[in-house]
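Chemist: test case, fold it:
(one chain, ligands or ions: 1)
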Amino acid sequence: MKLLQRLFIVLLVAGSFGATAQLVPTLREDAKMKTFIDALMKQMTLEEKLGQLNLPGSGDIVTGQAGNSDIAKKIEQGKVGGLFNIKSVAKIKEVQKLAVEKSRLKIPLMFGMDVIHGYETVFPIPLGLSCSWDMDLVKRSAQIAAGEASADGINWTFSPMVDIARDARWGRIAEGSGEDPYLGSQIAKAMVAGYQGTDYSKNNTIMACVKHYALYGAAEAGRDYNTTDMSRQRMYNDYFPPYKAAVDAGVGSVMASFNEVDGVPATANKWLMTDVLRKQWGFKGFVVTDYTGITEMVDHGIGDTQTVAARALMAGIDMDMVSESILNRSPQSLKEGKVTMAQIDAACRRILEAKYKLGLFSDPYKYCDENRAKNEIFTDANRKQARLTAAQSFVLLKNQNNILPLKKTGSIAFIGPLADNKVNMPGTWSVAANFSKATSVLTGLKETVGDKVKILYAKGSNLDADSAFEERATMFGKSLGRDKRSAAVILQEALDVASQADMIVAVLGESAEMSGESSSRTNIEIPEIQKDLLKALLKTGKPVVLVLFTGRPLVLKWENENVPAILNVWFGGSEAGYAIADVLFGDVNPSGKLTTTFPQNIGQVPMYYATKNTGRRLDNTKWFEKFRSNYLDVSNDPVYPFGFGLSYTSFKYSDIKLSSTSLKGNQTLTASVTITNTGNYDGKEVVQLYIRDLVGSVTRPVKELKGFQKVALKAGETKTVSFSISPEDLKFYNYDLKYDWEPGEFVIMIGGNSKDVKMGSVTWNK
Ligand code: BGC
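Modeler: Residues are numbered from 1 along each chain as shown. Take a look at the predicted model:
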């Protein structure tokens, strides 16, 4: 009755104010869904309701034998809401059948997966993808991932991962979009739109899950899962925006993070899960734990399993991944008054709503079309898109004397432990990848330019001198095939090969599993044995290019000083071998820009561009002064700043032009520069807008990214790039967490990276 009243009122309002017509069908749909779920929930027992909240680990479901698995019994008893990381329509169909044919209420299951950067067609790791600064490309990569995953039975992805990360030690920096909340928010929005489309009615869109809420990237000392502790100002201004952007974009689900927030693990943090997420941000979807997040709270030290399960549920968790403690412990907690039926009902409703929206009640096999699986996965078109996306993610860090692009003649020695290995190419978190289908650097090169260039190869070194380290760093079937010969023999072989070539390309860096989950490092340099190889190759006197694989910012001070050219290729995905050839030989001009600061030294981390001044700011002309905020042994500068990246061409920026220097209220400021491509290649430039609020009621960063545009310029071409700035761009969360702007003076900066900018200044009054 209440809902009908609401509907009636909204219809009235819509009619009288001429509001958009879409409101009406949406509300009708909502009302239909509510009626359906009300009726269903009336029939559900407590156990069945709790079953919907249960997302167990799927164990080893083998095609044709799902019925005999442990999980099968639970599904038949209605004790399972969904499963995750099961691959293939055949397996998924089999378990779905158990749910819709053998369970009492025939409620279909959801199928989740970590589709993080592509499915079988693998796109660059998210950190690499973010360096494209191209939101259409980002969105398209998510769309293709959704298309392939849904063709294989998946309807829910545990992505996007939007954790702001400013500490290069943390391995999971690879999985996010870097250090900046503005860029991170744009990417969050683009990914959600890519996965979900405008609704879930189609069978090639899937539900997204923004993670890991919240602050997971701020783990102390960069050690995974570690404690986080920060001020509310920092949370709201720097770490929350991408999660909120995903919520604003309509993300269907949220994953809780493992870490604590304000002394309470996120999984039991009611302030986070209910007050901020639902009350302040208006989130309407469901919240899932991260893996055994609930039972891990016993180790966190906030109670036994019974207590932590109750706390999670009452904090606002709707679905329990793996631990099964909400399912098993809630009946007792309900008896003891530690959880309420209202909370269980609310959680159950949210899961059923997600299934309803995905269309599973109308057709539980909506995502189980074997023809789609055959025809829509790892297609030529998808691979082509992945190849061009990978090329856009690469960042050219150095190119002395235009050594790159390489000429398609003569002989080139490709040397390094990462040059001839395909399993390493997809990068971390590529659970659906078919490693055998990835292309190694060597194969990519041979297929692209092999008819023109004589390509030589030697391994040169193992990944690391320490075989036990190498084992830890090449897990999940990603072995680099450790060479048992002595380091000296392996090196000599490489030098012999190098001696036959006109030039050398060293393919070095991290293996795929040296970043990602539980892959934190306290030494973020290229492993020493590979550095020794690089030094030996440089000593030959032949030109050397470094093709660098990495999932995090590395300390590259020595390399920057000594290697003539460095192309950072992150982990570009299944097609990266081709993309590397495209960029090295100049068929694609690199245009990626870093989204994370590269420090000089591990001691500088956490490091990021949007710092605050302190009361003991260092004068720009010096790198050290006693009693100033600095180090005795190293300047405060990074090796490569946020936003940095070179091109085969060069761009000249004019001074900044401002439409006004004195503004008031809601006026709009236009800030522009003209940019000229002064080199010989057509190219793309990511033009970045930064703003500084000079005086605030609380301290403000020295600059904050507030806009960017990626523009294509032909050789010799000039374009004007304009940003329109409104007070909305000046807002921040003040001491009382009020989101507003404060009048005063603002510095407007535009440039090709966060360090080299053209500046102007305006006063803006209320
Ligand atoms: C990770 C999540 C992931 C989940 C499910 C956890 O270990 O932290 O990011 O989605 O596993 O595979």
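
Chemist: burial check on residue 482, number of neighbours?
Modeler: 13 (other CB atoms under 10 Å). Glycine gets a C-beta too; all of them are placed from N, C-alpha and C.

Chemist: any idea how far the ligand is from it?
Modeler: Shown here: residue 482 relative to the ligand, a distance of 27 Å by CB to the nearest ligand atom, to the nearest Å.

Chemist: ok, that residue touching residue 465?
Modeler: No - using CB atoms under 8 Å, residue 482 is not in contact with residue 465, being 11.0 Å away.

Chemist: which residue does the protein bring closest to the ligand?
Modeler: Nearest to the ligand in the chain, going by CB to the nearest ligand atom, is residue 158, at a distance of 3.5 Å.

Chemist: might one say that that residue is in contact with residue 255?
Modeler: Yes - using CB under 8 Å, residue 158 is in contact with residue 255, at 6.2 Å.

Chemist: okay, and the common contacts of these two?
Modeler: 209, 211 (CB atoms under 8 Å, 6 or more residues apart in numbering).

Chemist: buried residues, whichever helix or strand residue 391 is part of. List them.
Modeler: Assigned by DSSP states H and E, residue 391 belongs to helix 380-393. Across helix 380-393, burial judged by 16 or more other CB atoms under 10 Å covers 382, 383, 385, 386, 387, 388, 389, 390, 391, 392, 393.

Chemist: go on, stretch 269-284?
Modeler: For stretch 269-284, a neighbour-count test (16+ other CB under 10 Å) marks 269, 272, 273, 274, 276, 277, 278, 281, 283 as buried.

Chemist: cool, and stretch 545-553?
Modeler: Buried, per 16+ other CB under 10 Å, within stretch 545-553: 545, 546, 547, 548, 549, 550, 551, 552, 553.

Chemist: quick one, what contacts the second one?
Modeler: Residues near residue 546 by CB under 8 Å, 6+ apart: 505, 506, 508, 534, 559, 563, 565, 566, 567.

Chemist: by neighbours, which of those residues wins?
Modeler: Ranking these using other CB under 10 Å puts residue 506 first, with 29 neighbours.

Chemist: I'd like the next helix or strand past the one helix or strand that one maps to.
Modeler: Using DSSP H and E, residue 506 falls within strand 503-509. Sequence-wise, the next helix or strand downstream of strand 503-509 (DSSP H and E) is helix 528-539.

Chemist: what's that following helix packed up against?
Modeler: If contacts are counted by 3 or more CB pairs under 8 Å, 6 or more residues apart in numbering; DSSP states H and E, helix 528-539 sits against helix 487-499, strand 503-509, strand 544-549, helix 557-562.

Chemist: residues contacting that helix, please?
Modeler: With CB under 8 Å, 6+ apart, helix 528-539 has contacts from 415-417, 460-465, 487, 491, 494-495, 498, 504, 506, 508-509, 525-526, 544, 546, 558-559, 562-563.

Chemist: in that helix, what's buried?
Modeler: So for helix 528-539, counting by 16+ other CB under 10 Å, buried means 529, 530, 533, 534, 536, 537, 538.

Chemist: how far off centre is stretch 76-85?
Modeler: How far stretch 76-85 lies from its chain's middle: 28 Å, per CA atoms, centre = their mean, to the nearest Å.

Chemist: distance across that stretch, terminal residue to terminal residue?
Modeler: 20 Å (CA to CA, to the nearest Å).

Chemist: likewise stretch 261-272?
Modeler: 8 Å.

Chemist: is the ligand within reach of it?
Modeler: No - on the criterion CB under 6 Å from any ligand atom, stretch 261-272 is out of touch with the ligand, staying 11.9 Å away.

Chemist: for the stretch 151-300 of the chain, which segments count as helices?
Modeler: Ranges of helices within the stretch 151-300 of the chain are 181-196, 232-234, 241-248, 270, 296-300, based on DSSP state H, counting those that start in this stretch.

Chemist: now those helices in JSON lines, with mean pLDDT?
Modeler: Below are those laid out as JSON lines (pLDDT from 0 to 100):
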{"stretch": "helix 181-196", "mean pLDDT": "98"}
{"stretch": "helix 232-234", "mean pLDDT": "97"}
{"stretch": "helix 241-248", "mean pLDDT": "98"}
{"stretch": "helix 270", "mean pLDDT": "98"}
{"stretch": "helix 296-300", "mean pLDDT": "98"}
